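Visitor: sharing a model that was predicted from the sequence below.
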Amino acid sequence: MKVKCIDNELCSDLTFGGVYSVVEEGDKYYVVLVEEQKEIVTRKTRFVVIQDGELTKKAKATINELSYQLKNEFKDIRDFKIRKNSKGEIKEIIIKFKYE
């Protein structure tokens with residue numbers, strides 16, 4: 001996702017009008033990339049979304065594929081792992097498919 005800064009008050013890492021890539025999104029914050037892969041956490045209210053990255057389409061496709069795998073006893077899945085953060089929230093799900 002790409003966001004544009006509309007409020008850089010008291011934040012020396014952001015440039016007003018600058019466009020940034022979002023690495024992670026929370027309820028009230030974004031983790032954005034600035035200056036050579038440096039990540040910062042900042043309030044969502046500082047930005048407007050300019051490119052969604054088709055997250056909804058990707059999520060629907062993933063859900064459809066996993067639903068298919070469930071109905072077919074996971075015949076195409078070789079391995080999967082769930083990674084959680086320190087709060088116990090799911091951070092990442094890694095699915096490895098069989099290629100024949």
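Guide: Sure, I can see it.
Visitor: tell me which strands the strand or helix carrying R83 pairs with, and in which orientation.
Guide: According to DSSP states H and E, R83 maps onto strand 77-84. Strand pairing for strand 77-84, using DSSP bridges, gives strand 90-97 (antiparallel).
Visitor: below-threshold pLDDT in the protein: ranges please.
Guide: 53-54, 56, 100 (pLDDT under 70).
Visitor: all strands for the protein, in order.
Guide: All strands of the chain, identified by DSSP state E, fall at 2-5, 19-25, 29-34, 38-43, 47-51, 77-84, 90-97.
Visitor: the strand holding R83: which residues count as buried?
Guide: Neighbour-count burial for strand 77-84 flags I77 (criterion: 16 or more other Cβ atoms under 10 Å). All C-beta atoms are positioned from the backbone trio N, CA, C, and that covers glycine.
Visitor: so what's D79 bridging to?
Guide: Bridge pairing for D79 - DSSP bridges - gives K96.
Visitor: what about it, distance to I94?
Guide: 8 Å (Cβ to Cβ, to the nearest Å).
Visitor: so what's C11 closest to, chain neighbours aside?
Guide: Leaving out its chain neighbours, the residue that sits closest to C11 by Cβ to Cβ, 6 or more residues apart in numbering is T42, at 6.6 Å.
Visitor: what's the burial count for that neighbour?
Guide: 20 (other Cβ atoms under 10 Å).
Visitor: for it, list the residues it contacts.
Guide: Taking Cβ atoms under 8 Å, 6 or more residues apart in numbering, we find T42 in contact with 11, 13-14, 29-30, 32.
Visitor: which strand residues bridge it?
Guide: Y30.
Visitor: pick out the residue nearest the middle of the protein.
Guide: In the chain, the residue lying closest to the centroid (Cα atoms, centre = their mean) is E24, at 4.6 Å.
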